[in-house]
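> Sequence and predicted structure below; questions after.
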Amino acid sequence: MHGFSARRVALTSIAAASALAASLALAGPAAAVAPATATATYDCGSAGVGTVTLTAADSGGGKTIRVDSTDIRTQYPLKANTVTATLKLNKTSGGATSEVRFSGTAHAAAATGDPISFGPLPLTTGSLSDGDTTDSAALGGAPSETNWSLKLTVNKPTGSFSSYCTATGNQSAAFTW
C-alpha cells in the first residue's frame, strides 16, 4: 500500500494540534494594563493647558502609550511622522521610584490648531515588569529644556526644534502594568 493510511493522517493531525495548543498555552495571554486610560493636566505653554488622555497597552511583546488632547493644539502644520514625542513617567517598583520614557514618531498629518495626537509610543528608556506602576509626575515651574514631562521635537530637513510640556498633577489613576 502506497501513501498514508487514514489512521496515520489522523494521528499526525492530532499530534500537530497538540503541539500548537501546548505552544499557545506556554506563550500565555497578553498582559493587561489597568486602567487602560487615564487623564492628567499638562501645561504646554503657548500650545495650551488642559487635559491629556494617556492610553496604555501591553501586547506582551511591547508596552506603549498613546497621547491625545483636544485642549493642547499644534502650533504649526505637521507632516505625518515628523514629530518625535517623548513622554516621561515616574515608575514605582517594589517601593523604589525611577523614570521611564515612551518615545516615537507615530502621528497623522495635522494643520495649525489641530488637537495633538501621538502614538502609540513604545517604551524606549527603562523597563516595566508585572505589577509596576507609572504615573505623570507634577512638575513646578514653566516647561523648559530641563523641566518637562512631554517633549515634542519637530524634525525638518533644515533642523529640529522642541516644545515642552509639564504635568501639573498626577494622572486620574496610575497605570499598573
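Nice, thanks for sending it over. Numbers count the residues shown, from 1 in each chain.
> which residue ranges form the strands in this structure?
37-43, 49-58, 63-73, 83-93, 96-104, 115-125, 133-135, 150-156, 159-167, 175-176 (DSSP state E).
> Any idea which of those strands gets closest to Ser144?
Minimum separation from Ser144 across these (CB to CB) falls at strand 159-167, 5.8 Å. Using the backbone N, CA and C atoms, a C-beta is placed for each residue, glycine as well.
> Which strands or helices does that closest one pack on?
Here strand 159-167 touches strand 37-43, strand 150-156, going by 3 or more CB pairs under 8 Å, 6 or more residues apart in numbering; DSSP states H and E.
> Can you say which of those is packed in most?
Counting by mean count of other CB atoms under 10 Å, strand 37-43 has the highest mean neighbour count of the helices and strands packed on strand 159-167, with a mean of 21.
> Centre of the chain to that strand, how far?
The chain centroid and the centroid of strand 37-43 are separated by 14 Å under CA atoms, centre = their mean, to the nearest Å.
> likewise stretch 95-103?
13 Å.
> List the buried residues for that stretch?
By 16 or more other CB atoms under 10 Å, the buried positions in stretch 95-103 come out as Val100, Arg101, Phe102, Ser103.
> Which members of those residues are the farthest-apart pair?
So, the buried residues of stretch 95-103 by CB to CB: farthest apart are Val100 and Ser103, at 10.4 Å.
> Check the contact lists of the two and give me the overlap.
Thr125 (CB atoms under 8 Å, 6 or more residues apart in numbering).
> hmm, who's touching stretch 120-130?
31, 55, 57-58, 62-67, 85-87, 91, 93, 98-104, 106, 134, 177.
> mind checking the end-to-end distance for it?
End-to-end distance for stretch 120-130, by CA to CA, to the nearest Å: 20 Å.
> Can you give me the buried ones in it?
Pro120, Leu121, Leu123, Gly126, Leu128.
> I'd assumed Cys44 was in contact with Gln75.
No. With contact taken as CB atoms under 8 Å, Gln75 and Cys44 are classed as non-touching, separated by 9.1 Å.
> ok, the two, which is more surrounded?
Comparing Gln75 with Cys44 by other CB atoms under 10 Å, the one with more neighbours is Cys44, at 24 against 17.
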